[in-house]
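Engineer: following is a predicted model, sequence given first.
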Amino acid sequence: MSFIADILKHVDASGLTKEEISSLVQLAINRDDRAAERAEKVAVREAEEKEKAAVRHAEEKKTEREHELALVQLKNQQHNNVPFRPADEVNPVFPIQ
């Protein structure tokens, strides 16, 4: 709002009417209001983007943990389901007699 202060400092020397000065002051106020609204919209948009990024990150981590758990379970299942095979079946080139 320094623009308003500048206008008021130079009122006497400007030769402007009260209506013109009032119009300039109102224009300055409107400009400052629009700037504040734009800044608020930017802040809201940035906050929404950060929230979306945090949700995506959490979902990625959850999926990663699920995949790791599934891999461990699969390895355990494979380890536990290995049937016993006699040595001659394992290495038929040198069968045990």
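Structural biologist: Arrived safely, thanks for sending.
Engineer: can you count the residues close to residue 13?
Structural biologist: Residue crowding around residue 13 was assessed by other CB atoms under 10 Å; the count is 7. Heads up, the C-betas are built off the backbone N, CA and C, glycines and all.
Engineer: and the pLDDT for residue 84?
Structural biologist: We note a pLDDT of 54 for residue 84 in this prediction.
Engineer: where is the longest helix in this structure?
Structural biologist: The residue-count maximum for a helix in the chain (DSSP state H) belongs to helix 18-80.
Engineer: what helices and strands are in contact with that helix?
Structural biologist: helix 2-9 (3 or more CB pairs under 8 Å, 6 or more residues apart in numbering; DSSP states H and E).
Engineer: returning to that earlier point: avg pLDDT for the longest helix of the chain?
Structural biologist: This predicted structure assigns helix 18-80 an average pLDDT of 91.
Engineer: ok, and for stretch 23-38, which residues are buried?
Structural biologist: 24, 28 (16 or more other CB atoms under 10 Å).
Engineer: quick one: that stretch to chain centroid distance?
Structural biologist: Going by CA atoms, centre = their mean, to the nearest Å, the spacing between the C-alpha centre of stretch 23-38 and its chain's C-alpha centre is 31 Å.
Engineer: stretch 59-70 now?
Structural biologist: Distance of stretch 59-70 from its chain centroid, counting by CA atoms, centre = their mean, is 20 Å.
Engineer: then stretch 61-76?
Structural biologist: When C-alpha coordinates are averaged (CA atoms, centre = their mean), stretch 61-76 and its chain have centres 26 Å apart.
Engineer: just the buried residues of that stretch, please?
Structural biologist: Going by neighbour count (16+ other CB under 10 Å), nothing in stretch 61-76 comes out as buried.
Engineer: convert it to CSV, retaining C-alpha atoms only.
Structural biologist: Written as CSV, here are the backbone C-alpha positions of stretch 61-76 (Å, rounded to 0.1, in the frame of the first residue of the first chain):
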residue,chain,number,x,y,z
LYS,A,61,5.9,-47.3,-0.3
LYS,A,62,2.8,-49.4,0.6
THR,A,63,3.1,-51.2,-2.8
GLU,A,64,6.8,-51.7,-2.4
ARG,A,65,6.2,-53.3,1.1
GLU,A,66,3.5,-55.5,-0.3
HIS,A,67,5.8,-56.7,-3.1
GLU,A,68,8.6,-57.3,-0.7
LEU,A,69,6.3,-59.3,1.6
ALA,A,70,5.0,-61.3,-1.4
LEU,A,71,8.5,-62.1,-2.5
VAL,A,72,9.5,-63.3,1.0
GLN,A,73,6.4,-65.4,1.3
LEU,A,74,7.1,-66.9,-2.2
LYS,A,75,10.7,-67.7,-1.2
ASN,A,76,9.5,-69.3,2.1
